[in-house]
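J.: here is my input, please return the structure:
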Amino acid sequence: MARRGLRKMRTGLVILVLLVVVGGGGYVGWVLVQRSEPVSLPAPTGQLQVGRQTFEWSDTARKDPYVAGPRRLAVWVWYPVAKGVSGRKVAYAPGQWSGLQEKGPLSILQGPLDSLRDPGLDHAEVAPGRFPVVVLLPGEGLSAPMYATLAENLASHGYVVVGVTPTYSAKLTVLGGQTIESMPAAVPPSPEDNSPGALQTGEHLVGTWAADARFAAATVAKELPDSVDPTFGPSYVGHGFGGAAALEACRTDARCAAAVDLDGRQFGEAVKKGVQAPFMLLGADDSCITSVCGPNAKADTDRARALSLLKASNNTSWCATIPDTRHLNFTDYGTYYLAWPLQKRLALGTANPRHALTVQNGYLTTFLSHALHN
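T.: Residues are numbered from 1 along each chain as shown. Now for the predicted structure:
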């Protein structure tokens, strides 16, 4: 009896293993088919088409804090293009920028970035007229190209959007045909890290990012002198740590028209001294960066900073939370094909990812229009 029971147990285990192997193999095959299907970025909602150009700018007046020589930045510029203009579409992550793809075994669970369809036009002529400037800063470890949905939507509504990738802080940037990875000293603290060392790093690093943003705002006016509207000062928009830098850049730029912090814990003197231009804090529903914690927030450690910022500021401030979102819902991750378990591993909420981006872009265009034209 015992031997017969043991044989049945062994047979059951073998069958279970075979089912796992076959089922796993079937799932991998299904993922390979799904990830090969074409995926497009959402169509911009404005009346204009969108063009894109990339630049490498050197701030010769400023020494890079991490290497010898001036501060060098990779900059992507999205801008309005007139209706009816045709041309070659841009590649979403051209050349070495394709390294933004997830690495290692997890890469099979993500659709390839080099096949993502982007509606932007490559080096198309800027639409007639002059347009306000928006400087765009990425979140922790991310790069400006990963915010094309946000940037292209703003450009279609009549903004020149200058996406800055902070060198040595992003996991990947490309300068002079070479990929450049992050340095430990330049990496922003993660949103969950509230240790004294992390907070000190954030206070120090936010000044560098803010200086990058101000430099980009000044330089684009020289690169596109006939397309930038001098009537308006620049607006600064950032995600995560880039949101903190956007507020600090606005605080230190006397011409700042507006600032937007997308789910970023605040750092820098802006927390104590406030921002004198209109600003918006737009949070995920598991954060407290708006001074009101979302329903899924695990702790209120960021609430005091947001309250201090709001109390010290004397202009219009907008605060809102996008339901059922998490930190990466403010990026292009909401447009990528992501298979389980990669999707589960990333900071994405239960909201429909594309709908969350639509809501975000609606807030952005409405707020900037109000701040600049009222």
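J.: pull the contacting residues for residue 137.
T.: Residues counted as contacts of residue 137 (CB atoms under 8 Å, 6 or more residues apart in numbering) are 144, 164, 166, 209, 212-213, 236-239, 242-243, 245-246, 249. For the C-beta atoms, the positions are set from N, CA and C on the backbone; glycine is no exception.
J.: out of those residues, which is nearest to residue 364?
T.: Taking CB to CB as the measure, residue 364 lies nearest residue 237 of the contacts of residue 137, at 7.0 Å.
J.: hmm, that closest one is touching residue 134, no?
T.: Yes: the criterion here is CB atoms under 8 Å, and residue 237 meets it with residue 134 at 5.7 Å.
J.: how about low-confidence regions in this protein?
T.: Low-confidence regions of the chain, defined by pLDDT under 70, span residues 1-30, 32-33, 36.
J.: what about the contacts of residue 137, which are in helices?
T.: Using DSSP state H, the members of those that fall within helices are 209, 212-213, 242-243, 245-246, 249.
J.: would you reformat those residues as JSON lines and include distance to residue 262 and neighbour count?
T.: As requested, these are arranged in JSON lines below (distance: CB to CB, whole Å; neighbours: other CB atoms under 10 Å):
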{"residue": "209", "distance to residue 262": "14", "neighbour count": "25"}
{"residue": "212", "distance to residue 262": "17", "neighbour count": "26"}
{"residue": "213", "distance to residue 262": "14", "neighbour count": "31"}
{"residue": "242", "distance to residue 262": "8", "neighbour count": "33"}
{"residue": "243", "distance to residue 262": "5", "neighbour count": "31"}
{"residue": "245", "distance to residue 262": "12", "neighbour count": "36"}
{"residue": "246", "distance to residue 262": "9", "neighbour count": "33"}
{"residue": "249", "distance to residue 262": "14", "neighbour count": "32"}
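J.: how about the residues you listed, which pair is most distant?
T.: Between any two of the ones in helices among the contacts of residue 137, the greatest separation by CB to CB is 14.2 Å, found for 212 and 243.
J.: residue 54: what's it in contact with?
T.: Shown in contact with residue 54 (CB under 8 Å, 6+ apart): 74-77.
J.: tell me the strands beside the helix or strand containing it, with direction?
T.: For residue 54, the host element (DSSP states H and E) is strand 49-63. Applying DSSP bridges, strand 49-63 is found paired with strand 70-81 (antiparallel), strand 121-122 (parallel).
J.: who wins for proximity to residue 158 among the ones you listed?
T.: For residue 158, the closest of the strands paired with strand 49-63 is strand 70-81, at 5.5 Å, according to CB to CB.
J.: pull out the buried positions in the closest one.
T.: Burial within strand 70-81, assessed by neighbour count using 16 or more other CB atoms under 10 Å, is assigned to 71-81.
J.: again, but for stretch 213-230
T.: In terms of neighbour count (16+ other CB under 10 Å), stretch 213-230 has its buried residues at 213-221, 223-224, 227-229.
J.: mind checking which of these are in strands?
T.: Using DSSP state E, no member of those falls in strands.
J.: out of those residues, which sit inside helices?
T.: Using DSSP H, the buried residues of stretch 213-230 in helices are 213-221, 223.
J.: next, format these as a markdown table and append distance to residue 313.
T.: Putting these into a markdown table (distance: CB to CB, whole Å) gives the following:
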| residue | distance to residue 313 |
| --- | --- |
| 213 | 18 |
| 214 | 19 |
| 215 | 24 |
| 216 | 23 |
| 217 | 20 |
| 218 | 24 |
| 219 | 27 |
| 220 | 26 |
| 221 | 26 |
| 223 | 31 |
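J.: please tell me how far residue 227 sits from residue 333.
T.: 30 Å (CB to CB, to the nearest Å).
J.: where along the stretch 101-250 of the chain do the strands fall?
T.: Using DSSP state E, counting those that start in this stretch, the strands found in the stretch 101-250 of the chain span residues 121-122, 133-137, 160-165, 173-175, 178-180, 235-239.
J.: how about these in JSON lines, adding distance to residue 328?
T.: Below are these laid out as JSON lines (distance: least, CB to CB, whole Å):
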{"stretch": "strand 121-122", "distance to residue 328": "27"}
{"stretch": "strand 133-137", "distance to residue 328": "16"}
{"stretch": "strand 160-165", "distance to residue 328": "17"}
{"stretch": "strand 173-175", "distance to residue 328": "19"}
{"stretch": "strand 178-180", "distance to residue 328": "22"}
{"stretch": "strand 235-239", "distance to residue 328": "9"}
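J.: ok, which of those strands comes nearest residue 270?
T.: Of these, nearest to residue 270 by CB to CB is strand 235-239, at 10.9 Å.
J.: partners of that closest one in the sheet?
T.: Applying DSSP bridges, strand 235-239 is found paired with strand 133-137 (parallel), strand 258-262 (parallel).
J.: would a markdown table of those strands with distance to residue 100 be doable?
T.: Putting these into a markdown table (distance: least, CB to CB, whole Å) gives the following:
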| stretch | distance to residue 100 |
| --- | --- |
| strand 133-137 | 16 |
| strand 258-262 | 19 |
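J.: burial check on residue 102, number of neighbours?
T.: Residues near residue 102, counting by other CB atoms under 10 Å, number 16.
J.: hey, what's the closest residue to it other than its chain neighbours bridged with?
T.: Distances taken as CB to CB, 6 or more residues apart in numbering put residue 110 closest to residue 102, at 4.8 Å, once the chain neighbours are dropped. In this entry, residue 110 is beta-bridged to residue 338, by DSSP bridges.
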